[in-house]
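# coordinates for the following, if possible.
(one chain, ligands or ions: 1)
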Amino acid sequence: MGISKKMHEFATASSWIRKMFEEGAKLKKQFGAENVFDFSLGNPDIAPPPQFDAVLRRIAADNSAGVHSYMPNSGYPFVREAVAGQISQEQAMPVGADDILMTCGAAGALNVVLKAILNPGEEVIILAPFFVEYKFYIDNQGGKSVVAPTRDDFSLDLAAIEGAITERTKAIIINSPNNPTGQIYPEQDLKALGSLLTACQQKFGSTIFLLSDEPYRKIIFDGHQVPSIFQSYPNSIVVSSYSKDLSLPGERIGYIAVQPDITEKSALLAAMTLANRILGFVNAPALMQRVVAELQGVTVDTSIYARRRQTFCDILSAAGLSFTPPKGAFYIFPRTPIADDVQFVAHLQKYKILAVPGRGFGLPGHIRLAFCVDDQLIARSATAFKQAMDTLGEA
Ligand SMILES: Cc1ncc(COP(=O)(O)O)c(C=O)c1O
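Next up, the predicted model:
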């Protein structure tokens with residue numbers, strides 16, 4: 001085999017979403033895209049806000065020498081300054097331009113941070129259910145994933161996290177609002193996590209970083225707030241992007257923000273800047289950096305997601321599915337009415353509903369439904385869900 005054994009294994013392990021994509025393509029060809037209820041992909045369908053268009057056109061029209069040149073690997077200083085202003089508000093703490101590094105999306109940011117901090121074999125704790133790419137990113141940078149469960153309502157299980165921490169633990173990744181559950185960790189839980197990590201650092205004489213993956217921070221419902229991670233723990237790092245809140249996932253623009261009092265800050269920032277370069281990103285895209293600098297605080301119309309979330313929750317409840325309503329992001333993670341999530345997903349497909357089995361996120365017995373699809377499609381899925389649930393005994 002030409003490709004590496006590891007990549008072959010990874011391709012098999014990550015096949016769920018791809019499998020759904022392929023099944024979906026088949027169904028859409030057969031029945032027409034408008035007749036397939038495809039809730040399998042977390043790809044924002046809302047257009048970027050109008051301000052994006054205006055800023056992009058103006059900035060793209062500038063063809064002066066140097067606008068497309070290399071730059072410092074951490075990004076343009078004026079862009080980092082603009083991002084720092086926004087992060088200072090979100091984290092309720094003054095953050096400087098030097099605490100920011102521009103990246104190729106949150107995915108690039110996670111790889112940069114992990115490359116900068118991991119020695120071979122060091123452990124990174126992730127919480128099930130998790131964004132499946134975490135395992136690959138941790139492996140990319142020579143680390144070992146350690147999975148800890150969350151509670152039934154997907155809140156932090158501090159006892160489980162404590163049980164997973166060893167002297168080899170280098171970091172824990174949390175994601176709030178969460179993909180795939182839509183849950184947000186409240187301030188008191190984050191403070192308790194911060195205290196636990198501080199105690200563990202003391203116990204093991206080690207440094208444990210808290211990586212907070214926050215690309216859904218601005219997509220929140222019912223007045224929920226995403227608390228500051230920087231206030232909860234000094235060794236914390238935010239990774240995020242404009243993929244979801246500006247609907248720009250294809251443009252690969254994101255950032256890293258470090259807590260201003262983080263351990264060995266200048267060495268860490270230098271290591272991350274070098275990692276950005278030698279991972280082959282070199283720097284975040286120049287044009288997009290200049291665009292997002294002018295769009296701090298601007299988001300897509302999140303009321304669209306809020307409306308869909310309400311419709312979808314009503315439909316799923318009426319069909320008899322049980323779930324913890326999402327507080328943010330654009331996913332619902334219902335429990336499956338039969339134990340086998342793969343079997344349930346196959347059953348849903350008979351009604352042209354596409355979902356991803358929970359085991360793809362490290363938690364069987366659930367499915368993930370993404371509601372970044374048209375309102376009409378969600379509304380029309382009501383009958384299909386009802387029929388699927390009513391015929392479950394015949395499955
Ligand atoms: C939880 C989570 N983290 C990170 C990412 C990667 O985002 P980006 O497109 O900014 O790399 C995603 C994308 O879906 C995600 O859901």
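# tell me the residues of the stretch 201-350 of the chain that contact the ligand?
Residues of the stretch 201-350 of the chain lying near the ligand by CB under 6 Å from any ligand atom: 213, 215, 241, 243, 249, 254. All C-beta spots, glycine's among them, are computed from the backbone N, C-alpha and C.
# part of a strand, is the fourth one?
No: secondary structure assignment places Ser243 outside any strand; it is coil (DSSP: H, G, I helix; E, B strand; the rest coil).
# which residue packs closest to it, ignoring adjacent ones?
Pro249 (3.8 Å; CB to CB, 6 or more residues apart in numbering).
# same question for the first one.
Once flanking residues are discounted, Asp213 sits nearest to Asn175: 4.3 Å by CB to CB, 6+ apart.
# for the stretch 151-300 of the chain, just list every one of the strands.
With DSSP state E, counting those that start in this stretch as the criterion, the stretch 151-300 of the chain has strands at 169-175, 209-213, 236-241, 254-258.
# sorry, back to before: hmm, which two among the residues of the stretch 201-350 of the chain next to the ligand are most spread apart?
Asp213 and Pro249 (14.4 Å; CB to CB).
# which one of those two has more residues nearby?
Neighbour count, other CB atoms under 10 Å: between Asp213 and Pro249, Asp213 has more, with 26 against 19.
# contact partners for that one?
Neighbouring residues of Asp213 by CB atoms under 8 Å, 6 or more residues apart in numbering: 106, 110, 131, 173-175, 239-240.
# take the residues you listed and write them to a markdown table, including pLDDT.
Formatted as a markdown table, these follow (pLDDT from 0 to 100):
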| residue | pLDDT |
| --- | --- |
| Ala106 | 98 |
| Leu110 | 98 |
| Phe131 | 96 |
| Ile173 | 98 |
| Ile174 | 98 |
| Asn175 | 98 |
| Val239 | 98 |
| Ser240 | 98 |
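# just the buried members of those residues?
Neighbour counting with 16 or more other CB atoms under 10 Å marks 106, 110, 131, 173-175, 239-240 as buried within these.
# adding distance to Ala270, write those residues out as TSV.
Shown next, in TSV, are these (distance: CB to CB, whole Å):
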residue	distance to Ala270
Ala106	21
Leu110	19
Phe131	28
Ile173	22
Ile174	25
Asn175	27
Val239	18
Ser240	21
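# nearest to Glu167 among these?
Nearest to Glu167 among these, with distances taken as CB to CB, is Ile173, at 18.8 Å.
# could you point out which residue ranges in this structure have low pLDDT?
Along the chain, segments meeting pLDDT under 70 span 15, 17, 394-395.
# and with 80 instead?
1, 12-21, 394-395 (pLDDT under 80).
# Val298: what's it in contact with?
Val298 makes contact with 49, 51-52, 246, according to CB under 8 Å, 6+ apart.
# how many other residues sit next to Cys104?
By other CB under 10 Å, the residues close to Cys104 number 23.
# and the residue in the stretch 251-395 of the chain positioned nearest to the ligand, bridged to which residues?
Of all residues in the stretch 251-395 of the chain, Gly254 sits closest to the ligand, at 4.7 Å by CB to the nearest ligand atom. With DSSP bridges as the criterion, Gly254 is bridged to Thr103, Ser241.
# residues near it, how many?
28.
# one more: Leu316?
Using other CB under 10 Å, Leu316 has 20 neighbouring residues.
# please tell me I have it right and it contacts Phe385.
Yes: between Leu316 and Phe385 there is a contact under CB atoms under 8 Å: 6.5 Å.
# around whatever residue of the stretch 51-200 of the chain ends up closest to the ligand, how many other residues sit close by?
Evaluated by CB to the nearest ligand atom, the stretch 51-200 of the chain has Gly105 as its residue closest to the ligand, separated by 2.8 Å. Counted with other CB under 10 Å, residues neighbouring Gly105 total 26.
# got the contact list for it?
Each residue near Gly105 by CB under 8 Å, 6+ apart is listed here: 241, 243, 249, 252-254.
# so Tyr351 makes contact with Ala384?
Yes: between Tyr351 and Ala384 there is a contact at 4.1 Å, judged by CB under 8 Å.
# ok, these two, which is more surrounded?
Set Tyr351 next to Ala384 and count neighbours by other CB under 10 Å: Ala384 wins out with 19 against 16.
# identify all contacting residues around the strand or helix carrying the more buried one.
Element membership of Ala384, judged by DSSP states H and E, is helix 375-390. Here helix 375-390 makes contact (CB under 8 Å, 6+ apart) with 34, 37-39, 304, 307-308, 311-312, 315-316, 318-321, 337, 347-348, 350-353, 371.
# in ChimeraX, how would I select the buried members of the contacts of Val298?
Buried members of the contacts of Val298 can be picked out in ChimeraX with the line below, counting by 16+ other CB under 10 Å:
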select :49,52,246
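# just give me the closest of the contacts of Val298 to Asp62.
When these are ranked by distance to Asp62 (CB to CB), Phe52 comes first, at 16.4 Å.
# go through the helix holding Ala384 and flag the buried ones.
Within helix 375-390, the residues scored as buried using 16+ other CB under 10 Å are 377-378, 381-382, 384-385, 388-389.
# could you dump it to PDB, C-alpha only?
Output in PDB follows, covering the C-alpha atoms of helix 375-390 (Å, rounded to 0.1, in the frame of the first residue of the first chain):
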ATOM      1  CA  ASP A 375     -36.000  26.500   7.400                       C
ATOM      2  CA  GLN A 376     -38.400  24.900   4.900                       C
ATOM      3  CA  LEU A 377     -36.400  21.600   4.800                       C
ATOM      4  CA  ILE A 378     -36.500  21.500   8.600                       C
ATOM      5  CA  ALA A 379     -40.300  22.100   8.600                       C
ATOM      6  CA  ARG A 380     -40.900  19.500   6.000                       C
ATOM      7  CA  SER A 381     -38.900  16.900   7.900                       C
ATOM      8  CA  ALA A 382     -41.600  16.700  10.600                       C
ATOM      9  CA  THR A 383     -43.600  14.000   8.800                       C
ATOM     10  CA  ALA A 384     -40.500  12.000   8.000                       C
ATOM     11  CA  PHE A 385     -39.300  12.000  11.700                       C
ATOM     12  CA  LYS A 386     -42.800  11.100  12.900                       C
ATOM     13  CA  GLN A 387     -43.000   8.200  10.400                       C
ATOM     14  CA  ALA A 388     -39.500   7.000  11.300                       C
ATOM     15  CA  MET A 389     -40.300   6.900  15.000                       C
ATOM     16  CA  ASP A 390     -43.800   5.300  14.400                       C
END
